[in-house]
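**Q** Give me a 3D structure for the following:
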Amino acid sequence: MKMSAIIVLDGNKWNWICGTPDGNNSSLSDWESVRNDSCFANFLLLIPHVLFFFLFILIAVIVSIRKSLRGRTTSSSSSPILFRYPGHVQRWILNVLYLVVLLVSLGEGVLSDHKIEGPTQPHLYVPQACALLTGISTTFYYHVMETHKKSKMVYALLLYWVLAMTGEAYRMTTWVESMSKIDLTVIRFDVIALVLLAYALYIYLEIVIIAKKVSLNCLLVVLLA
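**A** Got it, this is the predicted structure:
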């Protein structure tokens, strides 16, 4: 069933992100063209990164402030021992590798935009820049989660990785369909594949934390029964 183009991508005010000259929106005239458009895929990928960047910073700051205020009233609440969740070392290694891959992805997007003749196309590099900022914010968020022993904060991380992986997979599908040949010599293909692998590993780490939390709660129920 044909659908009219999505409103948020229709109109001259969105031309700046797609690099489309004014009055040249024929590629966004119906749902099929919108769904297969790389700009639309990159725009969708941008949404979770922007939303969760502010969410992670907000939650981490609130938790830190509340903990510091409580620490003033009782000195026994603070502990010199840092509680580490399962996969702590693996996560920080993955964080470094993930941020490096995002830097490469950002550079690839900037260079691709530079090679294209005509208006600049921010959708080639803006999502990667936002993903990089959000990736940095997740490290701060996770540190706060460990420092203040707030295991419930892991659910926001899990949701973010799932949404980011879904958007990246959709971006991969859209891009592959527009290419006649894909192999490992294409930098963009390699970068997207590595990012998808990183998201899968992050999801696994969050599930391990949740599984351990559930198993501990079940053990406490059995012992107290």
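
**Q** Below-threshold pLDDT in this protein: ranges please.
**A** Filtered on pLDDT under 70, the chain yields the residue ranges 1-37, 71-82, 117-119, 178-185, 216-225.

**Q** Tell me which residues of the longest helix anywhere in the chain come out buried.
**A** The longest helix of the chain (DSSP state H) is helix 187-224. Neighbour-count burial for helix 187-224, with 16 or more other Cβ atoms under 10 Å as criterion, is recorded at 188-192, 194-196, 198-199, 201-203, 205-206, 209. C-beta: built from backbone N, CA, C; applies to glycine.

**Q** List the contacts of the helix or strand harbouring residue 154.
**A** Assessed by DSSP states H and E, residue 154 sits inside helix 154-177. By Cβ atoms under 8 Å, 6 or more residues apart in numbering, the surrounding residues in contact with helix 154-177 are 36-38, 40-42, 44-45, 47-49, 52, 55-56, 59, 85, 131, 134, 138, 141-142, 145, 182, 188-189, 192-193, 195-196, 199-200, 202-203, 206-207, 209-210, 213.

**Q** one more time with 7 Å
**A** In this structure, residues lying in contact with helix 154-177 by Cβ atoms under 7 Å, 6 or more residues apart in numbering are 36, 38, 41-42, 44-45, 48-49, 52, 55, 59, 138, 145, 182, 188, 192, 195-196, 199-200, 202-203, 206, 209-210.

**Q** and the angle from that helix to helix 187-224?
**A** On the basis of axes from the mean of the first three to the mean of the last three Cα atoms, to 10 degrees, helix 154-177 is oriented at 150 degrees to helix 187-224.

**Q** The closest residue to residue 210 other than its chain neighbours and residue 142, how far apart?
**A** With sequence-adjacent residues excluded and distances taken as Cβ to Cβ, 6 or more residues apart in numbering, residue 210 is closest to residue 154, at 6.1 Å. For residue 154, the distance to residue 142 equals 9 Å [Cβ to Cβ, to the nearest Å].

**Q** Thanks a lot, see you next time.
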